[in-house]
Every structure is written in structure tokens, then in C-alpha cells.
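Q: prediction below, plus the sequence it came from.
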Amino acid sequence: MDPNPTTASYVKNLIGRSEDESSTSMHELELLFPPDKRICFGTAGLRAAMKPGPLGMNDLVVVQAAQGIARYCLQQRQHSTGTKPKAVIGYDHRVNPNLNVSSLSFAILTALVFEEAGIEPILLDGFSCTPLVPFVLKQTEAIIGIMVTASHNPKQDDGYKVYASDGCQIRAPMDAEISTEIMKNLQPWKDYASILKGRQEKYQKDPCIGLSSPVKTKEMVDAYFKAMRSHGLITDQASQSQEAQSIPPPSFAYTAMHGVGSPFATRVFQEFGLPPFQSIPAQKDPDFSFPTVPFPNPEEKGALDIAKAFATENNCDVVLANDPDADRLAVAEKCRSSGEWTVFSGDQIGTMLGHWIWNQIGKDCGKPVSMCGSTVSSKMLAEIARVEGFYFEDTLTGFKWIGSRATELTAGKYRNLFAYEEAIGFCCGDIIFDKDGISAMAVFSEMALWVYRQGSTLRQHMQSLYDKYGEFVSYNGYYYLEDSNVVHRIMDRIQCNGKYDLDLSPYQVEAVRDLGEPGYDSTTADKKPRLPTSQSAPMMSFTFSNGCVAQFRASGTEPKFKFYIEMKGRPGQSRDVVAQELDVMAPLILEKLLEPEKNGLSLPATSK
């Protein structure tokens with residue numbers, strides 16, 4: 001069944017060696033092929049280590065997934081007529097050379113499966129940044145999009161991200177319906193190994209073995225960048241004259257974090273007319289081994305150290321960082337006088353971007369403006385919306401929910417101009433409704449030029465927003481779980497049989513929202529929450545009379561119980577005062593609500 005001779009041979013050799021009692025091969029086989037278990041297909045698609053067997057990312061698992069997705073797509077179109085359906089496929093640079101599997105091999109097999117199913121595959125030529133896939137999907141009116149990437153996961157992983165026809169990541173119940181079709185189509189439809197061998201002999205100099213079109217890919221890339229101007233994101237700040245109060249404009253350093261972002265970042269700076277950035281040499285080119293960062297996530301502690309050192313040495317004021325598939329953005333700024341670095345949080349970047357886009361585009365766009373953010377993100381942008389007069393709505397966590405709601409708002413009376421999540425994911429404008437680190441870095445850089453022209457730094461600009469709209473101080477983190485079942489025990493205790501009346505004195509609870517089943521919201525007339533509820537992924541929120549909001553949820557991918565606590569200060573109230581109050585309040589409510597020691601919850605070492 002396995003179309004990959006390397007992984008097939010690896011498993012065959014394991015089987016042969018397993019007869020030797022002194023060999024560990026039998027144990028490895030049991031780990032690779034546990035009974036009645038396989039990689040789970042969910043709203044995030046697939047993501048796992050590249051390895052043989054049903055729990056790994058490998059050629060056979062990808063063929064099975066692609067066959068199930070193709071069958072699902074055709075079922076959705078069974079009463080449709082007209083043009084041949086299309087599927088967009090992009091891939092990043094991840095490789096496991098020992099097993100001869102890669103994002104490219106997974107993308108090629110996906111294209112072959114779709115072709116066999118009667119769906120025209122649009123395989124993007126060369127490494128793609130993730131935002132390009134939903135853009136091309138909408139441009140070509142494709143029915144499905146696949147991006148083969150593990151984003152910022154460790155080097156051994158790969159993934160399979162799936163977009164629906166609306167250009168947003170798939171949501172329930174699509175994931176369950178696709179999963180059902182995958183299980184019905186585990187047997188490969190064709191001898192894909194022979195097909196691959198034949199095409200490789202025919203197209204020896206083409207990595208995509210004749211399945212992609214460099215010309216059409218270039219046209220789509222060009223259209224992606226042109227859309228940024230036509231949608232109003234480019235404001236030509238670099239061509240504006242300096243003012244009397246201006247300080248010298250910032251210089252930028254950029255890291256692609258060993259990913260695919262560098263050529264797209266270079267191009268977007270050119271399209272925006274921005275001065276060229278200096279690229280961090282050690283992290284510029286795609287490198288599947290991620291030699292300088294074991295966890296290539298710009299949010300990880302220490303991930304920006306090399307970039308900051310390079311920027312200091314080369315007199316750069318601002319560091320811009322994409323994650324490896326370039327759909328996220330991190331930003332840091334160096335103080336010119338002290339040399340001190342400020343690494344902005346996702347909430348701070350999102351607040352600055354949302355405020356900037358409102359002032360540059362929103363005020364005069366001719367339509368009511370909306371913006372979206374995940375419910376665990378800061379409430380500051382919602383406060384700006386309240387003061388300035390545009391509509392803001394929070395959503396469930398994850399861009400599948402953020403993007404789909406932005407799409408719905410745009411289909412109604414609004415123009416949704418910005419959406420974000422605190423995990424450094426930003427969607428600037430209405431070109432696509434998924435996070436896009438490429439457009440976000442250019443929009444942010446234009447804003448930085450404007451800020452410096454006003455005589456301020458980015459840190460000072462952020463403080464000016466706090467001064468105007470109030471300080472918003474966060475106390476976010478997570479506990480490790482020893483037992484995943486404890487999540488429901490904690491939630492059941494907080495619910496108090498539907499009373500939600502735990503003693504949290506001396507603090508007064510104003511509102512409670514429970515997104516578990518059956519759901520509860522004390523602020524609605526019928527006491528039912530507006531956001532979707534979930535038995536498997538409950539989320540609890542408490543709003544206090546002093547302006548604090550505390551939210552709790554279990555991670556969907558890791559053994560973690562996450563908390564997001566934010567205190568809102570009054571305009572003019574110092575940040576230190578707000579932070580001091582939060583530093584007292586947060587540990588108390590964590591102890592009273594979660595009972596960490598009793599429930600086997602432990603903080604990470606860096607938080608203790």
C-alpha cells in the first residue's frame with residue numbers, strides 16, 4: 001500500500017528483525033502500528049512527526065487523507081454543474097531525508113489523488129507561504145485548499161492544513177465528515193508508486209514532476225501583492241516628508257526563522273515602497289533542520305535572541321520575525337538611548353495594527369467597519385472600537401472561528417478590516433480571512449515609519465494608546481496537566497450545579513460565561529451564550545467589577561490548562577498601579593478556582 005519505497009522498506013526490515021528476541025524492533029513496530037489507532041483528522045487537519053505507520057505523517061497517510069478529502073468535496077458538489085472543480089495545494093520546506101518524505105512529496109501525492117478524482121489540482125510551484133493558499137483558493141474559486149506545513153512545530157513534524165471553499169480553515173462538522181470519508185478510502189485507488197516513478201523519469205529536472213505551473217504560480221503571487229494596494233493597505237508612508245518633530249526613521253531587521261518567508265518578505269517591502277530590511281543571515285534561508293532554534297516559534301523564549309543581537313550589531317531599530325510558514329508576526333524594538341529591547345506581545349501588536357487600520361482605512365471606507373478577535377485576546381481593541389465607533393466582536397479561539405466570522409460580517413453590512421489572535425496571528429484588511437504574517441509585517445512597518453515621523457518610538461506609541469484608552473495588563477500562562485480528566489472536574493466544580501457561585505472574595509463577579517455543555521451566559525436574556533459551546537473543549541470566563549476578565553480552557557493539542565487574565569485600568573491610571581492589583585488578584589483567583597495542588601496542576605519552570 002505504501003507508495004514510498006523507503007518507508008515501506010524500513011517497516012519490512014523492522015518486521016524481519018522483530019523475530020530476534022534481543023532486538024528492539026518489535027517494540028518499535030508496536031509503537032508505530034498500535035491496534036485500532038491512527039492520526040486524528042480534525043479542524044487543524046493533520047499534524048504529527050514524519051514517520052511510518054498510521055500515527056505519523058507519511059506518504060500513505062497523506063494519500064488516504066487526500067482520497068477522503070476528494071470524496072468529501074465531490075459529495076458536496078454532487079448536484080453542481082459547470083466547470084471542473086479545483087483544489088489549491090501549497091507546501092513548505094520540511095523534509096525527513098532519512099525516510100525520503102517531505103512537504104513536497106505530500107503535496108505531489110495530493111495533486112495526483114485529486115487528479116484521479118476528477119478535481120483539477122493547482123499545485124503552487126516552489127515553497128509557499130501559508131497565506132498564499134487561501135488567496136489563490138478564492139481567486140480561482142477552488143473548492144478546497146491544502147497547505148502542507150507544520151508551521152512552527154519542531155523539525156520532526158509535518159502537517160496538512162485544510163481550507164474550505166470560503167477561504168477559511170475547515171470547521172465542524174466538516175472535519176468529522178472528512179474523517180469519515182478518509183476511513184472509507186484507506187485503500188489507495190492507484191499504484192501511486194508506479195505513477196511517481198514514471199513522472200520522475202519524465203520530468204527529471206522538475207521537483208513538481210510536471211504537476212505545477214511556474215508561470216501561473218507567478219501570476220497568482222503577483223495578484224496577491226497587487227491586492228494589498230487595491231484593498232487600501234498600502235499608504236506610502238516611506239514617501240512622506242519628515243516633520244519638525246520627527247526622529248530619524250527606523251531601520252528594520254528581519255528573520256524568516258529558517259522558513260519560507262524571506263522572498264515574500266522582500267517582495268512585500270518592495271510593493272509597499274519600504275526601505276529594504278537587513279535579513280538575519282543565520283536564519284534567512286529555508287532549512288528543515290532549524291539549526292538555531294529547536295522550537296521555531298517567534299513567541300518562544302529566546303527565539304529572537306539571534307535576531308536582536310544582529311540588529312544591535314547592525315544598528316537596526318526594529319526586528320520583524322515570521323514563523324517558518326510566514327503566517328505569524330513577532331515584533332521587537334530597541335531603545336536608541338539605552339539599548340533595551342521591548343518584545344511586543346501579540347495583543348500589543350494587534351492593538352496597534354487595529355488602531356492604525358481604523359485610522360488609515362476604516363474612517364473613510366464608506367461602509368460600517370467591523371473587526372474580530374479571539375475571546376482570549378485582550379479587550380483593548382474592543383474598547384477602542386467602543387470609543388471610536390466601529391463594531392468589534394470576539395470569537396472562539398483559532399482562526400477557523402475568527403476568519404469564518406469575519407467572512408460572515410463582510411457578507412452582511414460590514415467591511416471587516418482586521419482580525420487577530422493573541423498568539424501573534426494577524427489578518428490585515430479583507431484580502432483573505434486567515435492570519436498573514438507577510439502583509440502584517442509591511443502594514444506594521446508603515447505604521448512604524450509614521451510613528452517615528454511623529455517623534456515617537458513604537459513603545460511610546462503603545463503607551464499613548466494606553467493613556468487614551470486605559471491600561472490593559474495581562475497575566476497569561478498555563479499549568480501542565482497530569483491527568484486530562486481533571487479539566488472536567490475543575491469545570492464541574494466551578495459550575496456548582498449551574499449556580500456558578502464560588503466564593504472569590506474580596507472580588508465581586510459581574511458576569512460568567514460557560515462555553516461547555518449545555519452552556520451559560522449571565523449577560524444574555526435567555527442565559528445562553530452567543531458563541532458555540534463544546535463538551536470536549538469547554539471554556540470558562542469570569543468578568544469582575546474591577547475590570548478584570550479571567551478565562552480558562554484546556555489546550556486542544558498539549559497537556560496544558562491555559563489561563564488568560566487581564567485587568568483594565570481607567571484612562572490616566574498608571575500601568576504600575578494596574579499591574580500591582582493584578583499581581584495580587586490573579587494568584588488568588590487561580591488558587592480558588594483551579595485548586596492547582598489538589599488537581600495535580602504544575603506551572604512551567606519559567607513561571608515559578
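A: Nice, thanks for sending it over.

Q: list the contacts for the closest residue to Trp401 other than its chain neighbours?
A: In this structure, Trp401 finds its nearest non-sequential neighbour in Thr395, 4.4 Å apart by Cβ to Cβ, 6 or more residues apart in numbering. Bear in mind the C-beta positions are built from the backbone N, C-alpha and C, glycine included. The contact partners of Thr395, by Cβ atoms under 8 Å, 6 or more residues apart in numbering, come to Cys372, Gly373, Ser374, Thr375, Trp401, Ile402, Arg405, Leu531.

Q: for the first one, phi and psi?
A: Main-chain dihedrals, Cys372, degrees, to the nearest 10: phi -130, psi 150.

Q: quick check, it in contact with Glu408.
A: No: Cys372 lies out of contact with Glu408 (Cβ atoms under 8 Å); the separation is 9.8 Å.

Q: more neighbours: which of these two?
A: Shown here are Cys372 and Glu408; by other Cβ atoms under 10 Å, Cys372 has more neighbours (30 against 17).

Q: what helix or strand is the closest residue in space to the more buried one that isn't next to it in sequence located in?
A: Closest residue to Cys372 apart from its sequence neighbours, by Cβ to Cβ, 6+ apart: Ala419 at 4.1 Å. According to DSSP states H and E, Ala419 maps onto strand 415-421.

Q: each with direction, which strands does that strand pair with?
A: Paired neighbours of strand 415-421 in the sheet (DSSP bridges): strand 369-374 (parallel), strand 425-428 (antiparallel).

Q: what's the average pLDDT for the shortest one?
A: Yep, that's strand 425-428 we're talking about. In this model, strand 425-428 has an average pLDDT of 98.

Q: pLDDT weak spots in the stretch 451-600 of the chain?
A: The stretch 451-600 of the chain contains residues with pLDDT under 70 at 556-557.

Q: just the strands in it please.
A: According to DSSP state E, counting those that start in this stretch, the stretch 451-600 of the chain carries its strands in the segments 472-481, 509-514, 520-521, 539-544, 548-554, 560-568.

Q: re earlier: out of the strands paired with strand 415-421, nearest to Ser574?
A: The closest of the strands paired with strand 415-421 to Ser574 is strand 369-374. By Cβ to Cβ, the value is 25.4 Å.

Q: excluding its backbone neighbours, what's nearest Glu581?
A: Leaving aside its sequence neighbours, Glu581 sits nearest to Met567 (Cβ to Cβ, 6+ apart; 6.2 Å).

Q: my bad, Ala554
A: Leaving aside its sequence neighbours, Ala554 sits nearest to Val487 (Cβ to Cβ, 6+ apart; 4.5 Å).

Q: what ranges in the protein fall below the confidence cut-off?
A: 21-22, 79-81, 556-557, 606-608.

Q: tell me the centre residue of it?
A: In the chain, the residue lying closest to the centroid (Cα atoms, centre = their mean) is Gly425, at 5.5 Å.

Q: please enumerate residues in contact with the strand holding Ala419?
A: Residues contacting strand 415-421 (Cβ under 8 Å, 6+ apart): 346, 349-350, 353-354, 357-358, 361-362, 365, 367-374, 376-377, 381, 397-399, 402-403, 406-407, 409-410, 426-430, 433, 435.

Q: ok, now which ones touch Lys334?
A: Contacts of Lys334 (Cβ under 8 Å, 6+ apart): Lys308, Ala311, Thr312, Cys316, Asp317, Val318, Val319, Glu340, Trp341, Thr342.

Q: residue contacts, the closest residue to the fifth one other than its chain neighbours?
A: Just to be clear, that refers to Asp317. The shortest distance from Asp317 to any non-neighbouring residue, by Cβ to Cβ, 6+ apart, is to Pro250 (4.0 Å). Residues counted as contacts of Pro250 (Cβ under 8 Å, 6+ apart) are Asp317, Val318, Glu333, Ala448, Leu449, Tyr452, Leu458.

Q: ok, the helix or strand the third one falls within: who's next to it in the sheet?
A: Using DSSP H and E, Glu333 falls within strand 329-334. Sheet pairing here is set by DSSP bridges, and for strand 329-334 it gives strand 318-322 (antiparallel), strand 341-343 (antiparallel).

Q: that one: how far from the chain's middle?
A: 18 Å (Cα atoms, centre = their mean, to the nearest Å).

Q: quick check: phi and psi at Asp158.
A: phi -140, psi 170.

Q: contact partners for the residue nearest to it when sequence neighbours are not counted?
A: Excluding the flanking residues, the one nearest Asp158 by Cβ to Cβ, 6+ apart is Met57, at 4.3 Å. Contacts for Met57 were tallied using Cβ under 8 Å, 6+ apart; they are 39, 46-51, 101, 106, 157-160.

Q: of the residues you listed, just say which sits nearest to Ser18.
A: Once Cβ to Cβ is applied, the member of these that ends up nearest Ser18 is Lys51, at 16.8 Å.

Q: for the residue nearest to the centre of the chain, give its distance to Asn98.
A: Counting by Cβ to Cβ, to the nearest Å, the separation of Gly425 from Asn98 is 32 Å.

Q: okay, and the beta partners of the residue nearest to Glu581?
A: Val473, Cys548.

Q: show me where the stretch 151-300 of the chain has helices.
A: For the stretch 151-300 of the chain, helices defined by DSSP state H, counting those that start in this stretch occupy the ranges 174-184, 192-202, 214-230, 262-271.

Q: quick one, which of those helices is packed in tightest?
A: Of all these, helix 262-271 carries the top mean neighbour count, a mean of 20, counting by mean count of other Cβ atoms under 10 Å.

Q: for that helix, packing partners?
A: helix 214-230, strand 278-279, helix 437-453 (3 or more Cβ pairs under 8 Å, 6 or more residues apart in numbering; DSSP states H and E).

Q: can you say which of those is nearest to Tyr72?
A: helix 214-230 (24.6 Å).

Q: compute the inter-axis angle for that closest one and helix 262-271.
A: Relative orientation of helix 214-230 and helix 262-271, computed by axes from the mean of the first three to the mean of the last three Cα atoms, to 10 degrees: 40 degrees.

Q: just the angle between helix 214-230 and helix 437-453, please?
A: For helix 214-230 against helix 437-453, the angle by the same axes, to 10 degrees is 40 degrees.

Q: which neighbouring elements make contact with helix 214-230?
A: Using 3+ Cβ pairs under 8 Å, 6+ apart, helix 214-230 sits against helix 132-140, helix 262-271.

Q: now tell me what touches the helix or strand following the shortest one from outside.
A: Using DSSP H and E, the helix or strand that follows helix 132-140 towards the C-terminus is strand 144-148. Here strand 144-148 makes contact (Cβ under 8 Å, 6+ apart) with 45, 66, 69, 73, 87-92, 94, 103-104, 106-107, 110, 119, 128, 130, 133-134, 136-137, 158-165, 167, 325.

Q: what's the offset of strand 144-148 from the middle of its chain?
A: The chain centroid and the centroid of strand 144-148 are separated by 15 Å under Cα atoms, centre = their mean.

Q: pairing partners for it, with directions?
A: Here strand 144-148 has these sheet partners by DSSP bridges: strand 86-91 (parallel), strand 157-163 (antiparallel).

Q: distance to Glu581 and mean neighbour count for these - can I get that in TSV?
A: Output for the strands paired with strand 144-148, formatted as TSV (distance: least, Cβ to Cβ, whole Å; neighbours: other Cβ atoms under 10 Å):
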stretch	distance to Glu581	mean neighbour count
strand 86-91	47	27
strand 157-163	41	24
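
Q: export the ones you listed to CSV and tack on distance to Pro281?
A: Formatted as CSV, these follow (distance: least, Cβ to Cβ, whole Å):
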stretch, distance to Pro281
strand 86-91, 25
strand 157-163, 26
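
Q: and of those, who's closest to Lys205?
A: Of all the strands paired with strand 144-148, strand 86-91 sits nearest to Lys205, with 18.4 Å by Cβ to Cβ.

Q: still on that earlier bit, tell me the one of the contacts of Thr395 nearest Thr266?
A: Using Cβ to Cβ, Ile402 comes nearest to Thr266 of the contacts of Thr395, at 27.9 Å.

Q: residues near that closest one, how many?
A: What Ile402 shows, counting by other Cβ under 10 Å, is a neighbour count of 30.
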